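In: Predicted structure and sequence below. I'll ask about it afterward.
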Amino acid sequence: MSLLYLHFESDERPARVQKLAKSGAHVIVAEPKWPGFWEIAKREKPVAVAVDFTYAPSHALETADYISKARETRETPLYLLRVPEDRLEMVQKRLPQAGIVTESELSEKLAQIEREAVARALEKKEAAAVARRSAAAAKKAARKASGLAQGKPTAKKPKAAAAKLHALERRKSAPPARKTTPKKRPKAARPAKQK
C-alpha cells in the first residue's frame, strides 16, 4: 500500500513523512510540480494521494484539482493537509470529495484502508481456494461418470495387470493371422522301370 505525498521541499518535510510512514503505508514523496507528480501517480497507482498546502496553497489547490479530475486518479482518495483558513471555503467548494485532515487523521485513514485491503485480499484468496476445490470435485465427478458410462471399472489397476490387459486387447483387435500351409514339393521324377 502506498501513499503519494505531495509537498514542496522544506526542512519539516522529512519529519512529516516519518509521521505518515508510522501508519504502515509506503510514502512516496514528490513535489506538486507538473509533470513530475503526475508521472509518479500514473506509475505507482497509490491507494491515496495527500496534498500539503503549507507552501504555495494556490498551486497545491490546482494540483489537487487536477488529480481529482484526471481519469487515472479520479477514484483515488484525496486528502488535503494544512489548508489555510482563508482558502478553506473555496477548497471545499472546488473539491467536495477531498478530505481535509490532519496528519494523525490521515494515518488513521491509511490504517483503515490497509485493513480493508487485507480483508479483500483474504476474501479473494478464500474464494479462489473454494473455486479450485469445486473445479477439482467437478473434474473427479466427470471422470467417474465417463468411466462408468464406458463400462470401465473406476479403480486403478497395477501397472503389470494394465500391461497384460493392453497386450490382450491388442491381440483381440489385430486381424487373425493367416495360416500358411507348407508348399508341396514337386515329386522327383522316378526312373522308369526297366523291363
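Out: Good, I have the coordinates.
In: what are the ranges of the strands in this structure?
Out: 2-6, 26-30, 48-52, 78-81, 99-101 (DSSP state E).
In: okay, those in CSV with distance to Ala41, mean neighbour count and mean pLDDT next?
Out: Just so you know, the C-beta spots here come from the backbone N, C-alpha and C atoms, and that holds for glycine as well. Below are the strands of the chain laid out as CSV (distance: least, Cβ to Cβ, whole Å; neighbours: other Cβ atoms under 10 Å; pLDDT from 0 to 100):
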stretch, distance to Ala41, mean neighbour count, mean pLDDT
strand 2-6, 6, 23, 88
strand 26-30, 8, 16, 88
strand 48-52, 7, 24, 92
strand 78-81, 11, 22, 93
strand 99-101, 17, 16, 91
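In: Take these and lay them out in CSV including distance to Ile40.
Out: Listed next are the strands of the chain as CSV, based on distance: least, Cβ to Cβ, whole Å:
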stretch, distance to Ile40
strand 2-6, 6
strand 26-30, 5
strand 48-52, 10
strand 78-81, 15
strand 99-101, 21
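In: Can you name the residues bridging to the residue nearest to Ala21 when sequence neighbours are not counted?
Out: Distance criterion Cβ to Cβ, 6 or more residues apart in numbering; nearest residue to Ala21, sequence neighbours excluded, is Val27 at 5.1 Å. The residues listed as beta-bridge partners of Val27 by DSSP bridges are Leu3.
In: thinking Val27 is in contact with Leu3, fair?
Out: Yes - counting by Cβ atoms under 8 Å, Val27 does reach Leu3; the two are 5.2 Å apart.
In: where do the contact lists of these two overlap?
Out: Here Val27 and Leu3 have Leu20 as joint contacts, going by Cβ atoms under 8 Å, 6 or more residues apart in numbering.
In: show me what contacts the residue nearest to Ala21?
Out: Counting by Cβ under 8 Å, 6+ apart, Val27 makes contact with Ser2, Leu3, Tyr5, Val17, Leu20, Ala21.
In: What segments of the protein are helices?
Out: Assigned by DSSP state H, the chain shows helices spanning 13-21, 36-44, 57-69, 88-94, 103-149, 159-173.
In: Mind putting those helices into TSV with mean neighbour count?
Out: Formatted as TSV, the helices of the chain follow (neighbours: other Cβ atoms under 10 Å):
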stretch	mean neighbour count
helix 13-21	15
helix 36-44	15
helix 57-69	18
helix 88-94	13
helix 103-149	12
helix 159-173	10
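In: so where's this protein shaky on pLDDT?
Out: 148-159, 161, 165-166, 168, 170-195 (pLDDT under 70).
In: again, only using 50
Out: Scanning the chain for pLDDT under 50 picks out 154, 157.
In: How about the closest residue to Pro77 other than its chain neighbours: which residues does it bridge to?
Out: Nearest residue to Pro77 in three dimensions, chain neighbours excluded: Ala48, at 4.5 Å (Cβ to Cβ, 6+ apart). Applying DSSP bridges to Ala48 yields these beta-bridge partners: Leu3.
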